[in-house]
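Visitor: From the sequence below, what's the structure:
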Amino acid sequence: MGIQALFGVTNEAIIENIKLRNINVSAPFCVSSLVSHAFGGEIRNIDVSGASIIRTSFGADISHSFFNGVINCSGHAGGFVGLSSTGDISYSYTVADMSGVSGIAFDFSGSTGATFNDNYWDSTVSGISTGGVAGEYESLTTVQVKNSANFSTWNTGVWEFVDYPDFRKFD
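Guide: Coordinates of the predicted model:
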């Protein structure tokens, strides 16, 4: 099991308010920038550019987070989280260029049982426009992602909408 990430393996950890820029992680398999394997816990208010946020989530609750970057992987990969077997993922989005994936490129997540609520991915950048589920994780074009009207249920105390949605607290 590869554990290349800032946090290799977490168990019931609370990880919040982190901003990572220009992350480049290389390995002969799919890797992530923040957490390789998250067993439970909470991950929230995460802003990452470079490598995807989480490789595998086993019950972690993930919210108010976003990823912007290129996914290069010799296996299967998700634009936001590679695989999420359980847990809740909400109010998050990804702008992931999936052109570097040689296996199956999943839209938002290669999920097998997580609960999703109000998540999005930029289909113009990813090249993947199908596969979403309304109200859970949905495809939006770049123009739609930059339109705050598409995020009417998101907390404007957390998010601001100038270009792409961004955190107020990180400014």
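
Visitor: which stretches of the protein aren't confidently modelled?
Guide: By pLDDT under 70, the weakly predicted segments of the chain are 1-4, 24-31, 51-52, 76, 79, 102, 104-105, 107, 112, 169-171.

Visitor: Where do the helices of it begin and end?
Guide: Along the chain, counting by DSSP state H, helices occupy 123-126, 142-145.

Visitor: how deep is the closest residue to F106 other than its chain neighbours tucked in, by neighbour count?
Guide: Nearest non-adjacent residue to F106, counting by Cβ to Cβ, 6 or more residues apart in numbering: G78, 4.2 Å away. C-beta here means a position set from N, CA and C on the backbone, and glycine is covered the same way. A count of nearby residues for G78, using other Cβ atoms under 10 Å, gives 32.

Visitor: doesn't G103 make contact with G78?
Guide: No: counting by Cβ atoms under 8 Å, G78 stays clear of G103, with 11.0 Å between them.

Visitor: Among the helices of the chain, which comes closest to Y93?
Guide: Smallest distance to Y93 across those (Cβ to Cβ): 6.7 Å, for helix 142-145.

Visitor: Comparing the helices of the chain, which comes out most buried?
Guide: Greatest average neighbour count among these goes to helix 123-126 (a mean of 20), per mean count of other Cβ atoms under 10 Å.

Visitor: Would you convert the helices of the chain into CSV that also reports distance to R55?
Guide: CSV is the format used below for the helices of the chain (distance: least, Cβ to Cβ, whole Å):
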stretch, distance to R55
helix 123-126, 18
helix 142-145, 24
